[in-house]
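1. kindly return the folded structure for what I paste below:
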Amino acid sequence: MPAINLRGFGVALITPFKDDESIDYDALARLVDYQIQNNTDYLVVLGTTAETPTLSEEEKKQVVEVVVNRVNGRIPIVLGVGGNNTNAVVKQLKESNFDGIDAILSVTPYYNKPSQEGLYQHYKAIAEASPLPVVLYNVPGRTGVNMSAETTLRLAKEFDNIVAVKEASGDMTQMDDIIKRKPENFEVISGDDGVTFPLITLGAVGVISVIGNALPKEFSRMTRLALAGDYENALTIHHTFSELFSLLFVDGNPAGVKCMMHMMGYIENKLRLPLVPTRITTFEKIRLVLNELNIQC
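-> You can find the predicted model right below:
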């Protein structure tokens, strides 16, 4: 099985829409170039930030095709392949074409709230079916279930192709426990921009970022400095963006980052229901912070 280096700065790509809510594939291709030109180490396609539940199967295929063609092997691509029907996910893994894809990111099953044993069996089935390395994704705030450190470590130790976890539990003690006890060939990645710096100081290898859609150069620099042990300068950047971290999520993700990217001239400020754009008050707060940071908008 091919290896993938997930150390550094990954970005969970948005899906840009036109005013009529059709996908703006030209803008998507430009965003890929923008990421690569500004030091993004790898891209995550069809994750939460991409509004994936609102995309048709044909649109998902087209998004992947556009990104793979535009990247053209320059950086790795991680593809979101998950769900709360284990058999359907396994079927997708066995039948899909993964040309140009380097790993899959698979979220814990949502809504049906499985037990820890259920989570283990779900990922066991995925690991046995996947032709690519698997990144676990723990985000209980969205799925309704937290994957414990014990379950994560059990999977990491038993399946060589489960190579990392994107941790967005918000529980620093749990994340530190995974880092402390994990096997050598398994990595912990921050799933939350706001805790990336402290998590790297504990031993995480980087982040899969939302804010990086808009500010890849700045946030990738923070990640690199932290990974290099230059905590003083990394902390300065972390504190610079602390207000933006909260503003980006106050009206839901990706409403905040799409608002920011619209201000910067990259995309239309469009989302698909049930998601809606940020409130005017949030919009103006984001504009004020960007102006204070001397970011053109």
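2. A helix includes Arg154, no?
-> Yes: counting by DSSP: H, G, I helix; E, B strand; the rest coil, Arg154 falls inside a helix.
3. my guess is it contacts Tyr120. True?
-> Yes: using CB atoms under 8 Å, Arg154 makes contact with Tyr120 at a distance of 6.1 Å. Heads up, the C-betas are built off the backbone N, CA and C, glycines and all.
4. now the strands for the stretch 151-297 of the chain?
-> In the stretch 151-297 of the chain, the strands defined using DSSP state E, counting those that start in this stretch lie at 162-167, 187-190, 206-209.
5. which neighbouring elements make contact with the last one?
-> What it means is strand 206-209. strand 8-12, strand 187-190, helix 196-202, helix 216-227 (3 or more CB pairs under 8 Å, 6 or more residues apart in numbering; DSSP states H and E).
6. what's in contact with that strand?
-> By CB atoms under 8 Å, 6 or more residues apart in numbering, the surrounding residues in contact with strand 206-209 are 6-12, 41, 44, 47, 78, 105, 166, 189-191, 193, 196, 199-200, 216, 219, 223, 227.
7. before we move on, what about the longest one?
-> Contacts of strand 162-167 from elsewhere in the structure, counted by CB under 8 Å, 6+ apart, are 4, 6, 103, 105, 123, 127, 133-139, 152, 155-156, 174-175, 178, 185-191, 199, 204-205, 208.
8. out of these, which are buried?
-> 4, 6, 103, 105, 123, 127, 133-139, 152, 155-156, 174-175, 178, 186-191, 199, 204-205, 208 (16 or more other CB atoms under 10 Å).
9. that older thread, closest one to Leu93 among the strands of the stretch 151-297 of the chain?
-> Closest to Leu93 of the strands of the stretch 151-297 of the chain is strand 162-167 (CB to CB; 13.2 Å).
10. hmm, Ala204 is touching Val188, no?
-> Yes: in terms of CB under 8 Å, Ala204 counts as a neighbour of Val188; the distance is 4.6 Å.
11. quick one: low-confidence parts of the stretch 1-150 of the chain?
-> 1-2 (pLDDT under 70).
12. where do the strands sit along it?
-> Remark: strands assigned in the stretch 1-150 of the chain by DSSP E, counting those that start in this stretch are 8-12, 42-45, 77-80, 103-107, 134-138.
13. in a markdown table: these, plus distance to Lys94.
-> Compiled in a markdown table, the strands of the stretch 1-150 of the chain are given as follows (distance: least, CB to CB, whole Å):
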| stretch | distance to Lys94 |
| --- | --- |
| strand 8-12 | 25 |
| strand 42-45 | 20 |
| strand 77-80 | 15 |
| strand 103-107 | 12 |
| strand 134-138 | 14 |
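14. among those strands, which is nearest Thr236?
-> Of all the strands of the stretch 1-150 of the chain, it is strand 8-12 that lies closest to Thr236, at 17.2 Å by CB to CB.
15. also compute the angle for the closest one relative to strand 134-138, please.
-> Calculated by axes from the mean of the first three to the mean of the last three CA atoms, to 10 degrees, strand 8-12 forms an angle of 70 degrees with strand 134-138.
16. what lines up beside strand 8-12 in the sheet?
-> Its sheet considered, strand 8-12 pairs with strand 42-45 (parallel), strand 206-209 (parallel) by DSSP bridges.
17. find the nearest non-adjacent residue to His262, please.
-> Asn269 (3.8 Å; CB to CB, 6 or more residues apart in numbering).
18. residues contacting that neighbour?
-> Lys258, Cys259, His262, Pro277.
19. quick one: residues contacting the second one.
-> By CB under 8 Å, 6+ apart, the residues touching Cys259 are Asn269, Pro277, Thr278, Thr282, Phe283, Ile286.
20. and for the closest residue to it other than its chain neighbours, the neighbour number?
-> Leaving out its chain neighbours, the residue that sits closest to Cys259 by CB to CB, 6+ apart is Thr278, at 4.5 Å. The number of residues packed around Thr278, counting by other CB atoms under 10 Å, is 24.
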